[in-house]
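> got a sequence here, can you build the structure:
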Amino acid sequence: MDTLSNIYNFKKLTQRETEVLKLLAKFKCNKEIANDLSISESTAKAHISSILRKFNVYERAQCVIIGLKLGLIKSSEIRVKIRNLYE
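Sure thing, here's the model as predicted:
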């Protein structure tokens, strides 16, 4: 049986990239990711770029969806931000 990663030929994430992905699922910005992982903001950006490239997507939300489908993150780890459309 083919897995999602085999079907779409996704590249495997490093442990650090997986940590970054989990923080993306919490809608953290680059600066917050850097602070949470004690890395520079440019390093956080590099990890995010690598994840986007490995998943062949252009948006952070797409990374989270793929990570969820691949089992890299759990639905309980996703924090949904709903903005008030009437503000």
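
> what's the residue closest to the geometric middle of the chain?
L21 (2.8 Å; C-alpha atoms, centre = their mean).

> who's in contact with the closest residue in space to it that isn't next to it in sequence?
Excluding its sequence neighbours, the residue lying closest to L21 (C-beta to C-beta, 6 or more residues apart in numbering) is G67, at 4.8 Å. All C-beta spots, glycine's among them, are computed from the backbone N, C-alpha and C. Counting by C-beta atoms under 8 Å, 6 or more residues apart in numbering, G67 touches 18, 21-22, 24-25, 73.

> any idea which element G67 lies in?
In the assignment (DSSP states H and E), G67 maps to helix 60-70.

> sorry, back to before: what separation do you get for the residue nearest to L21 and S40?
23 Å (C-beta to C-beta, to the nearest Å).

> give me the element A44 is part of.
A44 is located in helix 41-55, with elements delineated by DSSP H and E.

> next, the angle helix 60-70 makes with that helix.
Helix 41-55 runs at 60 degrees relative to helix 60-70, counting by axes from the mean of the first three to the mean of the last three C-alpha atoms, to 10 degrees.
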